[in-house]
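>>> What follows is a predicted structure for the sequence shown.
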Amino acid sequence: MRIAHKTEKSGEGKDCRNILSLHCKLCAQSAHIKKFNPEEMRLAHDDLRSFLAAIRKSGDLVSVDQEVDWDQELSGIGRLGCERNGPAFLFNNIKDYSPGWRIAANPIATWRRMAVAFGLPADTHVRELYDVYAEREQKPVAPVLAKDGPCKEVRIAGDKANLFDLPIPMVHEGDGGRYLGTWDLVVSRDARSDWVNWGMYRFMIHNERLLTGFPRPTSHLGKMLLDGYVPQKRTMPIAIAIGCDCLSHLAAAATFRIAGNEADLAGGLRGKPVELVKCETSDLYVPASAEIVIEAEVYPDRVNQEGPYGEYPGYRSGEMGNAICARVTAITHRRDPILTLDTTGFMDSSATSTSISGAIAIRRRLEASGVPVTAVYVPPEGGVHLAIVAVRKGGAEVAQKVVNTLTVRRALISKIIVVDEDVDVFNVSAVLHAFATKCHPGRGIHVVRYEGRANTLTPAYDQEERAARSGASVALDATWPPEWPRDGTPVRATLDSMYSPEVQRRVLERWSALGLGK
Ligand SMILES: Cc1cc2nc3c(=O)[nH]c(=O)nc-3n(C[C@H](O)[C@H](O)[C@H](O)COP(=O)(O)O)c2cc1C
């Protein structure tokens, strides 16, 4: 198997295996070349299909064989699934489309399905999932390059491509159009360096070959386009990979550093490398196991209409507006392809995905700025607008530092509840109790206002604030003031705080003897 690249250094057609052992500038990946072995790929949950088989086994997938309409009906079922903490769905019979086309809705929108994606038992506690993510994130694994892969089973050249041949759903009533890539992995490369980015960005179908998309200007794809390709007046190649293994999508959606390589992160989360194959019409590389790959180029000098869309905070806010515009250059897909869909809204896949990667990123930033943080949780119910931060020693100064640190760059989360370390951040009732009883209604509120970097999708902002990207974040201090004397600080009236260890032990023994569990 050969991977030939054109470079200033290696020259046209030279096999880049020699330089791959260090770092291939062309692929912009540190990579090793490995032969594609379809048998091996099926062993782990390396692709969407083996993951779907695993969640079917754990009772977290329902297959729907009756005909379902791509126009809202199918996504309505998925929507209700999210709202009722229900299963994922595999729709096998889509109105107007041949039986080969299938749609999988909300692959990892629950902690149970997220656990299976990590190769863990479905009932693994979210706390453990956070720990596993944090540990694996620290051990990146470089991808390997393959010559061929399942995503190349069917190849459609750009001039033959028609997006309407794919069963792209109308997700919500009132959306600007049919949306593709609500659960995707978009590959792009920086115009001025070898940085390759994976992100998760939605795209709306404009016509047979034209897509409009909404990468936020603060997103890495947005930055690459605005800072690199637009000034150079060059089209930007992108590849929209749909239906890859779930942990690659999780890596794409992760809050990650500028110039960070999400393919390495995905390898770390999986504990083994992602296999990549080269695109047909660009030098970008996509996961070989992808169900569908849409190759396209983004115009540097053209915008087109996009939106509105029922968004992840759980609302449709905003209107149709100008957005990036991309022309399809090729489509490749597996046989009997499965298009993945996030039925975006309350408790969707963003809620779980961003919860886990966002909370760990928050924790690392707070640690780096000297906050005595002990735990962070981003509850899915908060629509990625709320974080709970536990600290060893709280008080006004710490709460202010927390909100200052978390609003320096992108300010996606606007409410932070700061609690003492004895409050379990994953227990939302305990957090609500601490907030309701310990947060001083005057002194406990710490607000920071900012311009130009607010989250334009925050439903609470008015139109003017959204246009100016101005906003505010608040830390709600639910910790005891550290200057209060110990004997003047209220004691929580719970078994674990108000009873001696001896009484606690006897009570727990009795509890168990009464058959009430541990
Ligand atoms: C289901 C889902 C859909 C998303 N859609 C978008 C989108 O359309 N535009 C956007 O800017 N971010 C979107 N995001 C958030 C980004 O994927 C996330 O911010 C990620 O960190 C982007 O990568 P980046 O940091 O490399 O820009 C979405 C996230 C999820 C989980």
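Nice, thanks for sending it over. From a predicted model like this one, the values you see are computed outputs, not experimental measurements. Numbers count the residues shown, from 1 in each chain.

>>> Is there proximity between stretch 384-400 and the ligand?
No. Interface with the ligand: stretch 384-400 contributes nothing (CB under 6 Å from any ligand atom), its closest point being 8.6 Å away. Heads up, the C-betas are built off the backbone N, CA and C, glycines and all.

>>> buried sites along that stretch?
If you call a residue buried by 16 or more other CB atoms under 10 Å, then stretch 384-400 has these buried ones: 384-391, 394-396, 398-400.

>>> now stretch 323-337
323-334, 337.

>>> Take those and keep only those in strands.
Mapping these onto strands (DSSP state E) picks out 323, 324, 325, 326, 327, 328, 329, 330, 331, 332, 333.

>>> Can I get the buried residues of stretch 384-400 in CSV including distance to residue 267, secondary structure and pLDDT?
Formatted as CSV, the buried residues of stretch 384-400 follow (distance: CB to CB, whole Å; DSSP: H, G, I helix; E, B strand; the rest coil; pLDDT from 0 to 100):
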residue, distance to residue 267, secondary structure, pLDDT
384, 25, coil, 95
385, 31, coil, 97
386, 31, strand, 98
387, 27, strand, 98
388, 30, strand, 98
389, 30, strand, 98
390, 31, strand, 98
391, 33, strand, 98
394, 38, coil, 96
395, 41, coil, 97
396, 43, helix, 98
398, 36, helix, 98
399, 37, helix, 98
400, 38, helix, 98
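
>>> Go through the chain and flag its longest helix.
For the chain, the helix that runs over the most residues, judged by DSSP state H, is helix 349-368.

>>> elements contacting that one?
Using 3 or more CB pairs under 8 Å, 6 or more residues apart in numbering; DSSP states H and E as the contact test, the elements touching helix 349-368 are helix 111-117, helix 126-137, helix 246-252, strand 373-377, strand 386-391, helix 396-405.

>>> Report whether that helix contacts the ligand.
Yes. Helix 349-368 reaches the ligand (CB under 6 Å from any ligand atom) through 349, 350, 353, 354.

>>> Now the last one. Nearest residue, chain neighbours left out?
This means residue 354. residue 384 (4.7 Å; CB to CB, 6 or more residues apart in numbering).

>>> That neighbour: what's it in contact with?
312, 313, 350, 351, 354, 355, 358, 378, 412, 413 (CB atoms under 8 Å, 6 or more residues apart in numbering).

>>> from memory residue 114 sits against residue 129, does it?
Yes. Shown here, residue 114 and residue 129 form a contact pair, counting by CB atoms under 8 Å, at 5.9 Å.

>>> Comparing the two, which residue is more hemmed in?
residue 114 (26 against 19; other CB atoms under 10 Å).

>>> Not counting sequence-adjacent ones, nearest residue to residue 492?
Excluding the flanking residues, the one nearest residue 492 by CB to CB, 6+ apart is residue 498, at 6.9 Å.

>>> so who does residue 112 touch?
58, 60, 122, 123.

>>> what helices or strands is the strand ranked longest in the chain leaning on?
Ranked by residue count, the top strand of the chain under DSSP E comes out as strand 292-306. Applying 3+ CB pairs under 8 Å, 6+ apart, one finds that strand 292-306 contacts strand 210-213, helix 230-232, strand 236-242, strand 321-333.

>>> Swap in 7 Å and give it another go.
strand 210-213, strand 236-242, strand 321-333 (3 or more CB pairs under 7 Å, 6 or more residues apart in numbering; DSSP states H and E).

>>> which one of the helices and strands packed on helix 349-368 is the most hemmed in?
Each of the helices and strands packed on helix 349-368 was scored by mean neighbour count; the highest is helix 246-252, a mean of 28, by mean count of other CB atoms under 10 Å.

>>> What mean pLDDT does that one get?
Averaging pLDDT along helix 246-252 gives 97.

>>> picking that back up, save the helices and strands packed on helix 349-368 as JSON lines, and put in distance to residue 216 too.
Compiled in JSON lines, the helices and strands packed on helix 349-368 are given as follows (distance: least, CB to CB, whole Å):
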{"stretch": "helix 111-117", "distance to residue 216": "24"}
{"stretch": "helix 126-137", "distance to residue 216": "23"}
{"stretch": "helix 246-252", "distance to residue 216": "15"}
{"stretch": "strand 373-377", "distance to residue 216": "23"}
{"stretch": "strand 386-391", "distance to residue 216": "19"}
{"stretch": "helix 396-405", "distance to residue 216": "21"}
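
>>> Spell out the secondary structure type for residue 509.
Here residue 509 is helix, with the state taken from DSSP: H, G, I helix; E, B strand; the rest coil.

>>> of all the residues in the stretch 301-450 of the chain, which ones are close to the ligand?
Counting by CB under 6 Å from any ligand atom, the stretch 301-450 of the chain sits next to the ligand at 342, 349, 350, 353, 354.

>>> how about the residues of this structure that lie near the ligand?
Contact residues (CB under 6 Å from any ligand atom) of the chain with the ligand: 182-183, 197, 199-202, 214-216, 219-221, 253-256, 342, 349-350, 353-354.

>>> so who does residue 289 touch?
Counting by CB atoms under 7 Å, 6 or more residues apart in numbering, residue 289 touches 41, 46, 47, 149, 150, 151, 244, 245, 275.

>>> on that earlier part again, let's see if you can find the most crowded of the residues of the stretch 301-450 of the chain next to the ligand.
Within these, residue 349 tops the neighbour count with 31 neighbours, counted by other CB under 10 Å.

>>> got any ranges where the protein has weak pLDDT?
1-44 (pLDDT under 70).

>>> okay, which residue is most central for it?
residue 253 (2.8 Å; CA atoms, centre = their mean).

>>> residue contacts, that residue?
So residue 253 contacts 200, 353, 354, 357 (CB under 7 Å, 6+ apart).

>>> go on, residue 190?
224, 228.

>>> cool, and residue 126?
111, 426.
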